[in-house]
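Generate coordinates for the sequence data below:
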Amino acid sequence: MVKFKILDNKLTINKSITKLDQFALDVIGIIKKYTKYVIISGYVSIFFGRARATEDIDMFISEFPYEQFTKMYDEFVEKGFEFTIDNPNDLYFEYLLNKTPINIWRKGFPLLRMEIKLSRKPSQNQVLLNPIRIQLNEKEILFADIESQIAYKRYIAKSEKDLEDARHLEIVFEDIDKEKIKYFKRIFEKEL
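Next up is the predicted model:
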């Protein structure tokens with residue numbers, strides 16, 4: 001089993017890019033032009049070798065002006081993507097600002113989608129501002145802190161799938177900071 005070590009919040013990986021990775025890279029390529037983002041949840045463990053299926057990739061983004069959102073929306077549509085609904089005004093004001101995630105997928109392929117949530121809670125803002133920078137074959141993906149992922153999956157989500165994701169991350173990452181996991185656990189429990 002491959003072991004990973006993060007140094008100074010950076011990690012370089014050379015691997016074959018899967019269809020899931022390419023979808024993530026395509027969405028990220030547009031999102032990062034308009035706002036900050038960080039990838040969270042199941043895709044993190046899948047990216048690092050856990051064999052399981054997923055229907056979506058989860059992402060936090062920072063809030064940004066409506067004018068920028070409409071530009072981003074237009075670029076996604078021009079590049080062959082669809083959204084939860086076809087109305088950028090409602091997506092921004094009725095979904096994102098009201099804490100409802102929006103979904104993006106390639107036109108005609110809704111089974112694989114990016115679920116985008118606006119970062120609101122202190123824990124979400126913290127992982128957004130301090131991501132792990134993954135260098136993937138000349139491309140960059142920003143992931144949430146591994147310890148935050150383990151803490152959330154183990155102590156908050158707690159489904160069998162989430163517990164397996166947490167175990168996988170603990171196995172494949174060297175130097176997991178147990179105190180940092182406890183720190184995120186306290187933050188998550190406070191936010192509930």
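
got the contact list for residue 100?
residue 94 (CB atoms under 8 Å, 6 or more residues apart in numbering). Where C-beta positions appear, they are placed from N, C-alpha and C, glycine not excepted.

ok, now with 10 Å
84, 91, 94, 117-118 (CB atoms under 10 Å, 6 or more residues apart in numbering).

can you give me the strands for this structure?
10-13, 37-40, 56-61, 81-83, 102-106, 113-118, 132-136, 139-143 (DSSP state E).

I'd like to know which of these is closest to residue 155.
strand 37-40 (15.1 Å; CB to CB).

Could you list every helix and strand in contact with the closest one?
helix 19-31, strand 56-61, strand 113-118, helix 122-129, strand 132-136, strand 139-143, helix 146-151 (3 or more CB pairs under 10 Å, 6 or more residues apart in numbering; DSSP states H and E).

Now for the closest residue to residue 104 other than its chain neighbours, how many residues are close by?
Distances taken as CB to CB, 6 or more residues apart in numbering place residue 114 nearest to residue 104, at 4.7 Å, with adjacent residues excluded. Residue 114 is flanked by 24 other residues according to other CB atoms under 10 Å.

On the pLDDT front, check residue 114 for me.
Looking at residue 114, its pLDDT reads 98.

go on, the one 5 residues further on?
Looking at residue 119, its pLDDT stands at 96.

I'd like to check which residues are in contact with it.
Counting by CB under 10 Å, 6+ apart, residue 119 touches 35-38, 59-63, 125-129.

ok, now with 6 Å
60, 62, 125, 128 (CB atoms under 6 Å, 6 or more residues apart in numbering).

can you check residue 3 too?
Residue 3 touches residue 174, counting by CB under 6 Å, 6+ apart.

how about a cut-off of 7 Å?
Listed by CB atoms under 7 Å, 6 or more residues apart in numbering, the contact set of residue 3 reads 172, 174.

OK, contacts around the most centrally placed residue in the chain?
Per CA atoms, centre = their mean, the C-alpha nearest to the average position across the chain is that of residue 39, at 1.7 Å. Contacts for residue 39 (CB under 7 Å, 6+ apart) come out as 24, 57, 59, 141-144.
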